[in-house]
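K.L.:
Got a predicted structure here, sequence first:
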Amino acid sequence: MSGGHTQFADVVIVGAGHGGAAAAAQLRQNKFEGSIIVVGEEAELPYERPPLSKDYFSGEKTFDRIMIRPEKFWTDRNIEMMLNTRVASVDAEAKTVTFEHGGGLKYGKLIWATGGAPRRLPIPGGDLAGIYTVRNRSDADAMVGHLPEVKNVVVIGGGYIGLEAAAVLRKFDRHVTLLEALDRVLARVAGPDLSAFYEAEHRAHGVDLRTSVGVDEIVGEAGKVTGVKLKDGEIVPADMVIIGIGIIPAVGPLLEAGAAGGNGVNIDAQCRTSLPDVFAIGDCAAFAAKFAGGTTMRVESVQNAHDQGALVAKIITGHDVYYEAAPWFWSDQYDLKLQTIGLSVGYDQT
Ligand code: FAD
(Lines give C-alpha, C1' and ligand atoms only; values in the text may rest on other atoms or scores of the structure.)
Protein backbone atom coordinates (compact mmCIF):
# COMPACT_ATOMS: atom_id res chain seq x y z
CA MET A 1 0.00 0.00 0.00
CA SER A 2 1.29 3.47 -0.81
CA GLY A 3 2.14 5.84 2.04
CA GLY A 4 -0.71 8.18 1.03
CA HIS A 5 -3.44 5.87 2.36
CA THR A 6 -2.78 6.18 6.05
CA GLN A 7 -6.30 6.86 7.31
CA PHE A 8 -8.64 3.91 7.70
CA ALA A 9 -12.43 3.98 7.95
CA ASP A 10 -14.69 1.01 8.56
CA VAL A 11 -17.01 2.40 5.88
CA VAL A 12 -15.92 4.75 3.12
CA ILE A 13 -18.76 6.18 1.04
CA VAL A 14 -17.80 7.79 -2.28
CA GLY A 15 -20.36 10.39 -3.34
CA ALA A 16 -22.03 12.86 -0.96
CA GLY A 17 -25.38 12.91 -2.76
CA HIS A 18 -28.75 11.37 -2.03
CA GLY A 19 -27.58 7.76 -1.82
CA GLY A 20 -24.36 8.46 0.09
CA ALA A 21 -26.18 10.63 2.64
CA ALA A 22 -28.87 7.98 3.16
CA ALA A 23 -26.32 5.20 3.63
CA ALA A 24 -24.34 7.21 6.21
CA ALA A 25 -27.42 8.35 8.17
CA GLN A 26 -28.98 4.89 8.13
CA LEU A 27 -25.77 3.23 9.34
CA ARG A 28 -25.98 5.34 12.50
CA GLN A 29 -29.74 4.77 12.69
CA ASN A 30 -28.95 1.05 12.73
CA LYS A 31 -26.49 1.62 15.62
CA PHE A 32 -23.34 1.13 13.53
CA GLU A 33 -20.46 2.27 15.74
CA GLY A 34 -17.53 2.05 13.33
CA SER A 35 -15.93 4.99 11.56
CA ILE A 36 -17.69 6.47 8.51
CA ILE A 37 -16.11 8.82 5.99
CA VAL A 38 -18.10 10.27 3.09
CA VAL A 39 -15.91 11.52 0.22
CA GLY A 40 -17.58 13.99 -2.13
CA GLU A 41 -16.17 15.95 -5.05
CA GLU A 42 -18.60 18.83 -4.65
CA ALA A 43 -18.03 21.70 -2.20
CA GLU A 44 -21.38 21.27 -0.44
CA LEU A 45 -22.71 18.95 2.21
CA PRO A 46 -25.37 16.63 0.73
CA TYR A 47 -28.27 18.53 -0.79
CA GLU A 48 -31.43 17.66 -2.72
CA ARG A 49 -30.88 17.58 -6.45
CA PRO A 50 -34.51 17.74 -7.72
CA PRO A 51 -35.01 21.43 -6.77
CA LEU A 52 -32.13 22.40 -9.11
CA SER A 53 -34.57 22.35 -12.02
CA LYS A 54 -37.59 23.35 -9.90
CA ASP A 55 -37.89 25.68 -6.91
CA TYR A 56 -34.15 26.31 -6.35
CA PHE A 57 -33.79 27.32 -10.00
CA SER A 58 -36.88 29.53 -9.75
CA GLY A 59 -35.58 31.16 -6.54
CA GLU A 60 -38.49 29.93 -4.40
CA LYS A 61 -36.12 27.92 -2.19
CA THR A 62 -32.74 29.00 -0.87
CA PHE A 63 -29.82 26.59 -0.70
CA ASP A 64 -30.26 26.15 3.06
CA ARG A 65 -33.72 24.77 2.45
CA ILE A 66 -32.52 22.09 0.06
CA MET A 67 -29.75 20.69 2.25
CA ILE A 68 -30.57 17.07 3.15
CA ARG A 69 -29.41 17.66 6.74
CA PRO A 70 -27.76 20.59 8.55
CA GLU A 71 -24.03 20.28 9.28
CA LYS A 72 -24.72 19.50 12.94
CA PHE A 73 -26.54 16.30 11.98
CA TRP A 74 -23.35 14.86 10.50
CA THR A 75 -21.01 16.06 13.24
CA ASP A 76 -23.35 14.85 16.01
CA ARG A 77 -23.27 11.39 14.48
CA ASN A 78 -19.52 11.39 13.94
CA ILE A 79 -19.86 11.10 10.19
CA GLU A 80 -16.85 12.70 8.55
CA MET A 81 -17.57 14.62 5.36
CA MET A 82 -14.49 14.95 3.16
CA LEU A 83 -15.67 17.48 0.56
CA ASN A 84 -13.95 18.89 -2.55
CA THR A 85 -12.33 15.50 -2.88
CA ARG A 86 -12.62 13.33 -5.96
CA VAL A 87 -11.76 9.64 -5.88
CA ALA A 88 -9.66 8.83 -8.94
CA SER A 89 -8.99 5.13 -8.42
CA VAL A 90 -9.81 2.09 -6.35
CA ASP A 91 -7.57 -0.81 -5.44
CA ALA A 92 -9.91 -3.64 -4.50
CA GLU A 93 -7.11 -5.91 -3.25
CA ALA A 94 -5.43 -3.35 -1.02
CA LYS A 95 -8.93 -1.97 -0.17
CA THR A 96 -7.90 1.61 -0.83
CA VAL A 97 -9.26 4.62 -2.69
CA THR A 98 -6.90 7.25 -4.07
CA PHE A 99 -7.85 10.91 -4.44
CA GLU A 100 -7.30 12.91 -7.58
CA HIS A 101 -5.30 15.53 -5.66
CA GLY A 102 -3.17 12.89 -3.87
CA GLY A 103 -3.63 10.85 -0.73
CA GLY A 104 -6.46 8.46 -0.09
CA LEU A 105 -8.15 6.14 2.37
CA LYS A 106 -8.15 2.51 3.35
CA TYR A 107 -11.61 1.01 3.78
CA GLY A 108 -13.26 -1.91 5.47
CA LYS A 109 -16.35 -1.61 3.29
CA LEU A 110 -16.76 0.72 0.33
CA ILE A 111 -20.09 2.18 -0.83
CA TRP A 112 -19.93 3.69 -4.31
CA ALA A 113 -22.66 6.35 -4.66
CA THR A 114 -21.38 8.64 -7.38
CA GLY A 115 -24.43 9.30 -9.56
CA GLY A 116 -23.46 10.41 -13.02
CA ALA A 117 -22.26 13.25 -15.23
CA PRO A 118 -24.56 14.89 -17.76
CA ARG A 119 -24.27 13.53 -21.25
CA ARG A 120 -22.87 16.08 -23.71
CA LEU A 121 -23.92 16.58 -27.30
CA PRO A 122 -21.12 15.51 -29.64
CA ILE A 123 -21.72 18.33 -32.13
CA PRO A 124 -19.77 21.41 -33.18
CA GLY A 125 -20.15 24.42 -30.89
CA GLY A 126 -20.63 22.34 -27.76
CA ASP A 127 -18.04 24.34 -25.82
CA LEU A 128 -19.47 27.85 -26.39
CA ALA A 129 -20.25 30.00 -23.36
CA GLY A 130 -23.94 29.96 -22.49
CA ILE A 131 -24.43 26.19 -22.76
CA TYR A 132 -25.52 24.47 -19.56
CA THR A 133 -26.34 21.08 -18.14
CA VAL A 134 -28.18 20.71 -14.83
CA ARG A 135 -26.71 18.29 -12.33
CA ASN A 136 -25.07 20.29 -9.54
CA ARG A 137 -25.72 23.39 -7.51
CA SER A 138 -22.96 25.15 -9.43
CA ASP A 139 -24.80 24.45 -12.72
CA ALA A 140 -28.03 25.99 -11.40
CA ASP A 141 -26.19 28.99 -9.90
CA ALA A 142 -24.40 29.63 -13.19
CA MET A 143 -27.69 29.60 -15.12
CA VAL A 144 -29.40 31.91 -12.63
CA GLY A 145 -26.42 34.29 -12.81
CA HIS A 146 -26.61 34.43 -16.59
CA LEU A 147 -30.39 34.78 -16.80
CA PRO A 148 -30.62 38.60 -16.60
CA GLU A 149 -28.78 38.79 -19.96
CA VAL A 150 -30.92 36.15 -21.61
CA LYS A 151 -33.95 36.55 -23.87
CA ASN A 152 -34.06 33.32 -25.88
CA VAL A 153 -33.43 29.87 -24.46
CA VAL A 154 -33.22 26.61 -26.38
CA VAL A 155 -33.69 23.49 -24.28
CA ILE A 156 -32.37 20.35 -25.92
CA GLY A 157 -34.05 17.24 -24.57
CA GLY A 158 -37.67 16.69 -23.57
CA GLY A 159 -37.06 14.62 -20.46
CA TYR A 160 -38.24 15.77 -17.05
CA ILE A 161 -35.22 18.04 -16.43
CA GLY A 162 -35.59 19.87 -19.75
CA LEU A 163 -39.34 20.26 -19.28
CA GLU A 164 -38.99 21.50 -15.71
CA ALA A 165 -36.35 24.02 -16.74
CA ALA A 166 -38.63 25.18 -19.58
CA ALA A 167 -41.50 25.69 -17.12
CA VAL A 168 -39.33 27.81 -14.78
CA LEU A 169 -38.01 29.87 -17.70
CA ARG A 170 -41.54 30.60 -18.88
CA LYS A 171 -42.32 31.88 -15.38
CA PHE A 172 -39.41 34.27 -15.90
CA ASP A 173 -40.95 35.21 -19.24
CA ARG A 174 -38.05 34.03 -21.38
CA HIS A 175 -38.75 32.83 -24.91
CA VAL A 176 -38.27 29.05 -24.79
CA THR A 177 -37.85 26.59 -27.64
CA LEU A 178 -37.69 22.95 -26.59
CA LEU A 179 -36.22 20.44 -29.02
CA GLU A 180 -36.82 16.71 -28.64
CA ALA A 181 -35.21 14.20 -30.99
CA LEU A 182 -37.88 11.52 -30.45
CA ASP A 183 -41.49 11.84 -31.56
CA ARG A 184 -42.72 12.71 -28.06
CA VAL A 185 -41.44 14.16 -24.80
CA LEU A 186 -40.93 12.06 -21.63
CA ALA A 187 -40.65 8.97 -23.83
CA ARG A 188 -38.45 7.15 -21.28
CA VAL A 189 -40.77 7.59 -18.32
CA ALA A 190 -44.33 8.02 -19.57
CA GLY A 191 -46.83 6.58 -22.02
CA PRO A 192 -47.98 8.46 -25.16
CA ASP A 193 -51.09 9.96 -23.51
CA LEU A 194 -49.09 11.57 -20.72
CA SER A 195 -46.50 12.81 -23.22
CA ALA A 196 -49.27 14.42 -25.28
CA PHE A 197 -50.73 16.01 -22.15
CA TYR A 198 -47.41 17.60 -21.18
CA GLU A 199 -46.70 18.74 -24.72
CA ALA A 200 -50.07 20.52 -24.77
CA GLU A 201 -49.42 22.10 -21.35
CA HIS A 202 -46.05 23.48 -22.40
CA ARG A 203 -47.44 24.85 -25.65
CA ALA A 204 -50.31 26.44 -23.74
CA HIS A 205 -47.70 28.15 -21.55
CA GLY A 206 -45.96 29.54 -24.62
CA VAL A 207 -43.12 27.04 -25.16
CA ASP A 208 -42.23 26.46 -28.80
CA LEU A 209 -42.06 22.69 -28.32
CA ARG A 210 -40.85 20.64 -31.26
CA THR A 211 -40.52 16.86 -31.46
CA SER A 212 -38.63 14.68 -34.00
CA VAL A 213 -36.07 17.46 -34.40
CA GLY A 214 -32.39 16.84 -35.01
CA VAL A 215 -29.72 19.31 -33.94
CA ASP A 216 -26.67 19.82 -36.15
CA GLU A 217 -24.61 22.46 -34.45
CA ILE A 218 -24.61 25.13 -31.77
CA VAL A 219 -23.59 28.41 -33.34
CA GLY A 220 -22.02 31.43 -31.72
CA GLU A 221 -20.08 34.66 -31.97
CA ALA A 222 -17.06 35.74 -29.95
CA GLY A 223 -17.17 32.49 -28.02
CA LYS A 224 -20.80 32.93 -26.95
CA VAL A 225 -23.80 30.94 -28.10
CA THR A 226 -26.18 32.75 -30.48
CA GLY A 227 -28.32 29.91 -31.79
CA VAL A 228 -28.95 26.25 -32.46
CA LYS A 229 -28.77 24.97 -36.01
CA LEU A 230 -31.27 22.23 -36.81
CA LYS A 231 -30.80 19.41 -39.31
CA ASP A 232 -33.04 21.22 -41.81
CA GLY A 233 -30.78 24.29 -41.69
CA GLU A 234 -32.99 26.53 -39.55
CA ILE A 235 -31.13 28.44 -36.86
CA VAL A 236 -33.17 28.94 -33.69
CA PRO A 237 -31.85 32.05 -31.87
CA ALA A 238 -30.53 31.41 -28.36
CA ASP A 239 -28.43 33.21 -25.81
CA MET A 240 -28.73 30.27 -23.45
CA VAL A 241 -28.84 26.56 -24.30
CA ILE A 242 -29.76 23.94 -21.73
CA ILE A 243 -28.95 20.34 -22.53
CA GLY A 244 -30.87 17.63 -20.71
CA ILE A 245 -30.22 14.36 -22.49
CA GLY A 246 -29.41 12.01 -19.63
CA ILE A 247 -26.33 11.06 -17.67
CA ILE A 248 -23.30 8.85 -17.98
CA PRO A 249 -22.87 6.92 -14.72
CA ALA A 250 -19.68 7.87 -12.84
CA VAL A 251 -18.23 4.39 -12.51
CA GLY A 252 -14.85 4.69 -14.29
CA PRO A 253 -12.66 4.04 -11.22
CA LEU A 254 -14.70 0.98 -10.17
CA LEU A 255 -14.73 -0.59 -13.63
CA GLU A 256 -10.99 0.05 -13.93
CA ALA A 257 -10.58 -1.75 -10.60
CA GLY A 258 -12.25 -4.78 -12.18
CA ALA A 259 -15.92 -4.42 -11.19
CA ALA A 260 -18.40 -5.91 -13.63
CA GLY A 261 -20.54 -3.37 -15.44
CA GLY A 262 -20.93 -1.21 -18.50
CA ASN A 263 -23.78 1.28 -18.37
CA GLY A 264 -23.29 1.56 -14.60
CA VAL A 265 -21.69 -0.88 -12.21
CA ASN A 266 -23.53 -4.16 -11.84
CA ILE A 267 -24.99 -4.99 -8.45
CA ASP A 268 -26.95 -7.91 -7.06
CA ALA A 269 -30.16 -7.66 -5.01
CA GLN A 270 -28.05 -6.71 -1.98
CA CYS A 271 -26.27 -3.90 -3.86
CA ARG A 272 -23.00 -5.85 -3.91
CA THR A 273 -20.68 -5.29 -6.86
CA SER A 274 -18.45 -8.10 -8.12
CA LEU A 275 -15.59 -6.70 -5.97
CA PRO A 276 -15.30 -7.91 -2.36
CA ASP A 277 -16.76 -5.52 0.26
CA VAL A 278 -17.73 -2.99 -2.42
CA PHE A 279 -21.38 -1.95 -2.70
CA ALA A 280 -22.89 0.46 -5.23
CA ILE A 281 -26.15 2.39 -4.95
CA GLY A 282 -28.26 4.98 -6.73
CA ASP A 283 -28.02 6.35 -10.25
CA CYS A 284 -24.67 4.65 -10.95
CA ALA A 285 -25.79 1.10 -10.12
CA ALA A 286 -27.36 -1.35 -12.60
CA PHE A 287 -29.45 -4.20 -11.30
CA ALA A 288 -31.92 -6.84 -12.46
CA ALA A 289 -35.13 -5.00 -11.66
CA LYS A 290 -37.91 -7.26 -10.43
CA PHE A 291 -40.55 -4.70 -11.38
CA ALA A 292 -39.30 -4.85 -15.00
CA GLY A 293 -39.19 -8.61 -15.42
CA GLY A 294 -35.55 -8.87 -14.41
CA THR A 295 -34.19 -6.45 -17.03
CA THR A 296 -30.84 -4.98 -16.00
CA MET A 297 -31.19 -1.23 -15.64
CA ARG A 298 -30.23 1.81 -13.62
CA VAL A 299 -32.96 3.80 -11.93
CA GLU A 300 -32.48 7.55 -11.59
CA SER A 301 -34.67 8.60 -8.71
CA VAL A 302 -34.26 9.90 -5.19
CA GLN A 303 -36.35 7.06 -3.80
CA ASN A 304 -34.11 4.43 -5.41
CA ALA A 305 -30.87 6.08 -4.18
CA HIS A 306 -32.29 6.49 -0.70
CA ASP A 307 -33.71 2.98 -0.44
CA GLN A 308 -30.56 1.33 -1.74
CA GLY A 309 -28.47 3.38 0.74
CA ALA A 310 -30.75 2.26 3.58
CA LEU A 311 -30.55 -1.35 2.38
CA VAL A 312 -26.74 -1.37 2.38
CA ALA A 313 -26.74 0.15 5.87
CA LYS A 314 -28.91 -2.76 7.02
CA ILE A 315 -26.68 -5.33 5.36
CA ILE A 316 -23.54 -3.85 6.92
CA THR A 317 -25.23 -4.00 10.33
CA GLY A 318 -26.00 -7.68 9.94
CA HIS A 319 -29.46 -7.88 8.35
CA ASP A 320 -30.15 -10.21 5.42
CA VAL A 321 -32.32 -7.98 3.22
CA TYR A 322 -32.89 -7.67 -0.53
CA TYR A 323 -33.87 -4.78 -2.80
CA GLU A 324 -37.31 -5.29 -4.26
CA ALA A 325 -38.83 -1.79 -4.28
CA ALA A 326 -40.90 -0.60 -7.21
CA PRO A 327 -39.38 2.80 -7.94
CA TRP A 328 -41.37 5.99 -7.92
CA PHE A 329 -40.63 9.42 -9.18
CA TRP A 330 -42.13 12.89 -9.36
CA SER A 331 -41.85 15.98 -11.54
CA ASP A 332 -43.12 19.53 -11.04
CA GLN A 333 -44.02 21.60 -14.09
CA TYR A 334 -46.10 24.80 -13.82
CA ASP A 335 -48.73 23.97 -11.17
CA LEU A 336 -48.78 20.27 -12.13
CA LYS A 337 -47.29 17.43 -10.15
CA LEU A 338 -46.52 14.21 -12.00
CA GLN A 339 -45.97 11.15 -9.86
CA THR A 340 -45.16 7.81 -11.41
CA ILE A 341 -44.91 4.39 -9.82
CA GLY A 342 -43.04 1.41 -11.23
CA LEU A 343 -41.37 3.36 -14.00
CA SER A 344 -38.21 2.17 -15.67
CA VAL A 345 -35.64 4.84 -16.33
CA GLY A 346 -31.91 5.08 -16.72
CA TYR A 347 -31.28 2.69 -19.58
CA ASP A 348 -28.79 3.71 -22.19
CA GLN A 349 -30.34 6.19 -24.60
CA THR A 350 -27.67 5.99 -27.25
P1 FAD B 1 -26.11 12.03 -6.69
O2 FAD B 1 -27.18 12.61 -5.84
O3 FAD B 1 -25.86 12.62 -8.03
O4 FAD B 1 -24.77 12.08 -5.85
C5 FAD B 1 -23.54 11.64 -6.37
C6 FAD B 1 -22.44 12.51 -5.83
O7 FAD B 1 -21.18 11.85 -6.06
C8 FAD B 1 -22.33 13.86 -6.52
O9 FAD B 1 -22.18 14.88 -5.58
C10 FAD B 1 -21.07 13.71 -7.37
O11 FAD B 1 -20.42 14.95 -7.59
C12 FAD B 1 -20.25 12.80 -6.50
N13 FAD B 1 -19.17 12.09 -7.20
C14 FAD B 1 -19.19 11.56 -8.45
N15 FAD B 1 -18.00 10.96 -8.73
C16 FAD B 1 -17.22 11.13 -7.63
C17 FAD B 1 -15.90 10.73 -7.32
N18 FAD B 1 -15.15 10.02 -8.17
N19 FAD B 1 -15.37 11.09 -6.11
C20 FAD B 1 -16.13 11.79 -5.22
N21 FAD B 1 -17.41 12.19 -5.47
C22 FAD B 1 -17.95 11.84 -6.66
N23 FAD B 1 -35.34 12.35 -8.90
C24 FAD B 1 -36.60 12.21 -8.42
O25 FAD B 1 -36.89 11.16 -7.84
N26 FAD B 1 -37.53 13.21 -8.60
C27 FAD B 1 -37.23 14.37 -9.24
O28 FAD B 1 -38.09 15.24 -9.37
C29 FAD B 1 -35.92 14.56 -9.72
N30 FAD B 1 -35.54 15.71 -10.31
C31 FAD B 1 -34.23 15.90 -10.67
C32 FAD B 1 -33.83 17.12 -11.19
C33 FAD B 1 -32.50 17.34 -11.53
C34 FAD B 1 -32.08 18.67 -12.08
C35 FAD B 1 -31.55 16.30 -11.38
C36 FAD B 1 -30.11 16.52 -11.77
C37 FAD B 1 -31.93 15.07 -10.89
C38 FAD B 1 -33.27 14.85 -10.53
N39 FAD B 1 -33.69 13.64 -10.00
C40 FAD B 1 -34.98 13.49 -9.54
C41 FAD B 1 -32.77 12.50 -9.92
C42 FAD B 1 -32.15 12.39 -8.53
O43 FAD B 1 -31.61 13.64 -8.15
C44 FAD B 1 -31.07 11.33 -8.58
O45 FAD B 1 -31.69 10.10 -8.90
C46 FAD B 1 -30.34 11.22 -7.24
O47 FAD B 1 -29.64 12.40 -6.96
C48 FAD B 1 -29.40 10.03 -7.27
O49 FAD B 1 -28.66 9.99 -6.10
P50 FAD B 1 -27.17 9.42 -6.12
O51 FAD B 1 -26.72 9.40 -4.70
O52 FAD B 1 -27.14 8.16 -6.91
O53 FAD B 1 -26.34 10.48 -6.96
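P.N.:
Looks like it arrived, so ask away. Numbering: from 1, shown residues only.
K.L.:
mind listing what the residue in the stretch 51-200 of the chain positioned nearest to the ligand touches?
P.N.:
Residue nearest to the ligand within the stretch 51-200 of the chain: residue 115 (2.5 Å; C-beta to the nearest ligand atom). No exception for glycine: its C-beta is placed from N, CA and C like everyone else's. Each residue near residue 115 by C-beta atoms under 8 Å, 6 or more residues apart in numbering is listed here: 15, 17, 19, 135, 247, 249-250, 282-284, 305.
K.L.:
ok, and the closest non-adjacent residue to it?
P.N.:
Leaving out its chain neighbours, the residue that sits closest to residue 115 by C-beta to C-beta, 6 or more residues apart in numbering is residue 283, at 4.5 Å.
K.L.:
just for the chain, where's the confidence low?
P.N.:
1-4, 328-329, 340-350 (pLDDT under 70).
K.L.:
can you do 50?
P.N.:
Across the chain, the ranges flagged by pLDDT under 50 are 1-3, 343-350.
K.L.:
what does it put close to the ligand?
P.N.:
Contact residues (C-beta under 6 Å from any ligand atom) of the chain with the ligand: 14-20, 39-42, 49-50, 52-53, 86-87, 113-115, 134-135, 161, 250, 282-284, 300-303, 305, 329-331.
K.L.:
out of these, which are buried?
P.N.:
When the residues of the chain next to the ligand are checked for burial by 16 or more other C-beta atoms under 10 Å, the buried set is 14-20, 39-42, 49-50, 52-53, 87, 113-115, 134-135, 161, 250, 282-284, 300-303, 305, 329, 331.
K.L.:
So which of those residues sit within strands?
P.N.:
Per DSSP state E, strands hold the following members of these: 14, 39, 87, 329, 331.
K.L.:
ok, so of those residues, who is nearest residue 201?
P.N.:
Closest approach to residue 201 among these (C-beta to C-beta): residue 331, at 11.7 Å.
K.L.:
ok, now how distant is that closest one from residue 77?
P.N.:
Using C-beta to C-beta, to the nearest Å, residue 331 is found at 32 Å from residue 77.
K.L.:
do the same with residue 235
P.N.:
If you go by C-beta to C-beta, the gap between residue 235 and residue 77 works out to 54 Å.
K.L.:
By residue count, what's the longest helix in this structure?
P.N.:
helix 302-316 (DSSP state H).
K.L.:
other SSEs contacting that one?
P.N.:
helix 18-29, strand 104-112 (3 or more C-beta pairs under 8 Å, 6 or more residues apart in numbering; DSSP states H and E).
K.L.:
tell me which strands and helices the first one is in contact with?
P.N.:
Under the contact criterion of 3+ C-beta pairs under 8 Å, 6+ apart, helix 18-29 touches strand 7-14, strand 36-39, strand 79-82, strand 104-112, helix 302-316.
K.L.:
Could you list the paired strands of the helix or strand harbouring residue 219 along with their orientation?
P.N.:
According to DSSP states H and E, residue 219 maps onto strand 215-221. According to DSSP bridges, strand 215-221 forms sheet pairs with strand 224-230 (antiparallel).
K.L.:
Residues contacting the partner strand from elsewhere in the structure, which ones?
P.N.:
So strand 224-230 is contacted by 125, 128-131, 154, 156, 177, 179, 213-220, 235-241 (C-beta under 8 Å, 6+ apart).
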